[in-house]
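Participant: Dropping the sequence and predicted coords here.
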Amino acid sequence: MRILITAGPTREYIDDVRYLSNASSGRMGYALAQAALDQGHEVVLVSGPVDLMPPKGCEFHAVETTEEMKTASVAAFDRCDGVIAAAAVCDYKPRERIEGKLAKTGGPISIDMIETDDVLAHLGAAKGRRWVVGFALESQNARENALQKLRAKNCNWIVLNNPTAIGSLNNEVELIDESGQPIMRWAGSKQEISTQLITWLETNLP
Ligand code: CTP
């Protein structure tokens, strides 16, 4: 299979030096890319800025903003059999990016923010015969929220995890299907979980 994987955070610039982003090491997405390569698949990795080396053998696209992640992912998805969206996409961006550096005013300021595009929802809407696996990071009503995301983004499955996963080497996840129920539970290093997920996909894809 050829698998598209999104990974890492995206950045949304307030001015030329300041940005809004998400806490994300990129480890989960990079571990998935490595596991897929190890199991003989082709990987297109679209990644926001992280301190990790892309796994050897993948097709790598470095991006910074959500818009760039969307453009690179939509272009790559055409050539892929499915997508695993592990990126921690920044959900908001300033309505306008200020040119240069905004000087301090000596008082509070407010910034008008709008939502960024949803990369996964875009891919889900266009998936056709391809499969789509999303991630959901939830701190409360986890399964209900995960199911809502699965539906809204037209995913086949969604990997549910919680904020303790951020920056950690380990993770504890549930794989949720369209019934909203966990059909698999995996715990361990992000590399171990990735191997389990790729193996599970190999045997359960139609
Ligand atoms: N995602 C995406 N583009 C966005 C937001 C999220 O592709 N603009 C993807 C993530 O990569 C993940 C899934 O959607 O696979 C769910 O991300 P999550 O951050 O849990 O949910 P959000 O849709 O951002 O909703 P909320 O922040 O309200 O929980």
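Facilitator: All right, it came through fine.

Participant: Quick one: list the elements packing against the helix or strand of the chain with the lowest mean pLDDT.
Facilitator: Least confident element among the helices and strands of the chain, by mean pLDDT, DSSP states H and E: strand 170-176 (a mean of 92). Packed against strand 170-176 by the contact rule (3 or more Cβ pairs under 8 Å, 6 or more residues apart in numbering; DSSP states H and E) you find helix 142-152, strand 157-161, strand 182-189, helix 190-204. Placement of C-beta: from N, CA and C, glycine included.

Participant: Residue 3: which of the ones you listed is closest?
Facilitator: Smallest distance to residue 3 across the helices and strands packed on strand 170-176 (Cβ to Cβ): 8.2 Å, for helix 190-204.

Participant: circling back: comparing the helices and strands packed on strand 170-176, which stretch has the densest surroundings?
Facilitator: Stretch with highest mean neighbour count among the helices and strands packed on strand 170-176: strand 157-161 (a mean of 24; mean count of other Cβ atoms under 10 Å).

Participant: Direction included, what does that strand pair against?
Facilitator: Strand 157-161 pairs in its sheet with strand 131-137 (parallel), strand 170-176 (antiparallel), by DSSP bridges.

Participant: Could you measure from the closest residue to residue 161 other than its chain neighbours over to residue 24?
Facilitator: In this structure, residue 161 finds its nearest non-sequential neighbour in residue 173, 4.7 Å apart by Cβ to Cβ, 6 or more residues apart in numbering. Look at residue 173 and residue 24: by Cβ to Cβ, to the nearest Å, they are 15 Å apart.

Participant: go on, residue 8?
Facilitator: 6 Å.

Participant: Pick out whichever of those two has more residues nearby.
Facilitator: residue 8 (30 against 24; other Cβ atoms under 10 Å).

Participant: if we can go back for a sec, mean neighbour count added to the strands paired with strand 157-161, as JSON lines?
Facilitator: Listed next are the strands paired with strand 157-161 as JSON lines, based on neighbours: other Cβ atoms under 10 Å:
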{"stretch": "strand 131-137", "mean neighbour count": "22"}
{"stretch": "strand 170-176", "mean neighbour count": "20"}
